[in-house]
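Enquirer: would you be able to build a 3D model of this:
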Amino acid sequence: MVNIVQLLIVWLDTAVSFVIISKIPTGVEIDDFQKALISAGVVGLLNALVRPLLAMVALPLSVVFSDLILRLLLNMIIFGLAAYLVQGFRLRWGLWSALLGSIALVFINNFLLSLLSV
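Expert: Modelled structure (predicted):
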């Protein structure tokens, strides 16, 4: 069972990752830390609720594409949906920003979580 403290740490870590991503040239724009917190929550909810459905729909594509490409595609969709739902979270270059932002989120998030040993 997930500890509520761990959940809060991951949520804050993702919000900090969003702020860092908005400062590097990925085309991801986030207005302030409050919007980053909201965006992190929305991404978490989308990963919990929408991602399994998208994975089932994308299952036939796994015959043609590798697992890495499908995961990247799912991350881009989740990232784009979050930007669409949260006011103050924008993707300047559309799909390219979603691609760069989702890749950056994975690396920055994993780096920060490894520092925290969570």
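
Enquirer: figure out how far the helix or strand of the chain with the lowest mean pLDDT is from the centre of its chain.
Expert: Ranked by mean pLDDT, DSSP states H and E, the helix or strand of the chain with the weakest confidence is helix 51-58, at a mean of 83. The chain centroid and the centroid of helix 51-58 are separated by 16 Å, computed with CA atoms, centre = their mean, to the nearest Å.

Enquirer: so what touches it?
Expert: Contacts with helix 51-58, where a contact means CB atoms under 8 Å, 6 or more residues apart in numbering, come from 70, 73-74, 77-78. In short, each C-beta sits where N, CA and C put it, glycine included.

Enquirer: can I get the residues you listed in a markdown table including secondary structure?
Expert: Below are these laid out as a markdown table (DSSP: H, G, I helix; E, B strand; the rest coil):
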| residue | secondary structure |
| --- | --- |
| 70 | helix |
| 73 | helix |
| 74 | helix |
| 77 | helix |
| 78 | helix |
